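Engineer: Make a model of this:
(chains A and B)
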2 protein chains.
Amino acid sequence: MIKAILFDLDNTLIDFMKMKRLSCEAAISAMIDAGLTMEKEKAMKLLFRLYDQHGFEDPRIFQKFLSKYQKEVNPKVLASGVVAYRKVRAGFLEPYPHVVRTLMKLKEKGIKLGIVTDAPTMKAWIRLMSMKIGDYFDVVVAFEDTMQLKPHTLPFQEAPRRLKVKPEECLMVGDRPERDVKGAQQLGMMTCFAKYGNASAVFSGADYDISDIEELLGVVGLHEHPTSEKGKKK
Amino acid sequence: MIKAILFDLDNTLIDFMKMKRLSCEAAISAMIDAGLTMEKEKAMKLLFRLYDQHGFEDPRIFQKFLSKYQKEVNPKVLASGVVAYRKVRAGFLEPYPHVVRTLMKLKEKGIKLGIVTDAPTMKAWIRLMSMKIGDYFDVVVAFEDTMQLKPHTLPFQEAPRRLKVKPEECLMVGDRPERDVKGAQQLGMMTCFAKYGNASAVFSGADYDISDIEELLGVVGLHEHPTSEKGKKK
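Structural biologist: Next up is the predicted model:
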């Protein structure tokens, strides 16, 4: 019996990559407008290569980009990028469709809800509060809580401990098979792969694969439409 | 003859204190909603006392506030404050009325324009680009350019040097008599006090006092209404 559901945050509750891509496109366009001498497509490719190296949370990525690919870091160019990035980001810090009503129904049913994320604590909370969904969660385990990244078992141990449930009473929902699914399984949790957040993964290894977060209602036995094929155990 | 006009940024081109006050009110309300145990009015007073101590550019002021006045820094409370602050700030990063058309007319007349500000370089540029007025300025002298705060003479020397004009061909416009007016006068610049940005100063000591930035057009001999009493030399 599922007593608690733990969610990854980025690309599971929030369409993080869409936000990144659109914010960066706006930033690159604004920087070109302000004097960056590079084609937009090439700039996007090089910028995302830097993100791969330094991580998606790097707050000085545009500075690093200009410093690496331009003669000098022109403050006007840099500021133009930051302003455009922030403006677009604010508009795209939105949860995936059906997130809010799914959380509400799970909560009504008495299921405990938690977040297990590799994001830094403040970034995770800022995203949750921006999306107005912070109050749904009984526990938020972010990077600083254990100083370990998934699939390390510590973050997965910390959430049930604080919720006072056993790991095997938890369902972990996430978009990264090698981190979310694998890490949760090591502790005996049930697992659910958010395939809508990950276009590239083919085999998840999870107990459930879902294409819409609302299918979780079927997984925990809250079927809205009993004939639906969605959210069935594989 | 005035060949260049140098502007202070905060409270001269941008209504910085209004932005701060409204953003902080939103932040305090959001933090109270998320669990801060303090009356709004008292919280505002204590927060602004902290700003006086640590400076208005301190990026960790809410953290310091919670750490000083609450048992613990609750990340949900902190994040709620940051999210509300950012949302309101974006809406109030607007230039004062008539700033854009005044800059445009001065520019048309061939007058060089500059910024001399104590703000950090990136914050200054982000404010300028947010307000879409960065392109009007031939030079921006921010804190890191001289590592000296006004009324030190270095920032006031740097701007004319880069503009290739003499200090006595410059008019400095600012809201702080003891910093903007005094500093510029030490170099022999003409001075203009933006009294709309400073409700408390009584005696400016400047050559001109203006209640609206548009009065600068009169100061440099671009009177729109020749009969106007505005912008006359005192």
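Engineer: Would you map the strands across chain A?
Structural biologist: With strands called from DSSP state E, chain A shows them at A:4-7, A:112-116, A:139-141, A:170-174, A:190-194, A:208-210.
Engineer: Low-confidence regions, chain A specifically.
Structural biologist: A:223-234 (pLDDT under 70).
Engineer: gap between the residue of it positioned farthest from its centre and chain B?
Structural biologist: For chain A, the residue at maximal distance from the C-alpha centroid (CA atoms, centre = their mean) is residue A:71, at 34.9 Å. Note on residue A:71: its distance to chain B, by CB to the nearest CB, to the nearest Å, is 18 Å. Heads up, the C-betas are built off the backbone N, CA and C, glycines and all.
Engineer: Leaving out chain neighbours, which residue sits closest to residue A:148?
Structural biologist: Of all residues not flanking residue A:148 in the chain, residue A:154 sits nearest, at 4.3 Å (CB to CB, 6 or more residues apart in numbering or on different chains).
Engineer: count of neighbours near that neighbour?
Structural biologist: Residues lying near residue A:154 (other CB atoms under 10 Å in any protein chain shown) number 14.
Engineer: That one is in contact with residue A:146, isn't it?
Structural biologist: Yes - counting by CB atoms under 8 Å, residue A:146 is a contact partner of residue A:154 at 4.0 Å.
Engineer: Tell me which of the strands of chain A approaches chain B most closely.
Structural biologist: Of all those, it is strand A:139-141 that lies closest to chain B, at 7.6 Å by CB to the nearest CB.
Engineer: How far off centre is that closest one?
Structural biologist: 14 Å (CA atoms, centre = their mean, to the nearest Å).
Engineer: Which strands and helices lie in contact with that strand?
Structural biologist: Using 3 or more CB pairs under 8 Å, 6 or more residues apart in numbering or on different chains; DSSP states H and E, the elements in contact with strand A:139-141 are strand A:112-116, helix A:121-130, helix A:153-163.
Engineer: what does chain A put close to chain B?
Structural biologist: Applying CB under 8 Å from any CB of the partner chain, we find that chain A lies next to chain B at A:30, A:34, A:75-76, A:78-80, A:82-83, A:86-87, A:90, A:121-122, A:125-126, A:128-130, A:134, A:140, A:142.
Engineer: Domains in chain A, by residue range?
Structural biologist: A:4-15+A:96-219, A:16-92 (automatic domain parsing).
Engineer: how long is the last one end to end?
Structural biologist: In domain A:16-92, first residue to last residue: 8 Å (CA to CA, to the nearest Å).
Engineer: ditto for the longest one
Structural biologist: For domain A:4-15+A:96-219, the first and last residues are 12 Å from each other (CA to CA).
Engineer: Number of residues surrounding residue A:73?
Structural biologist: Residue A:73: 15 neighbours (other CB under 10 Å).
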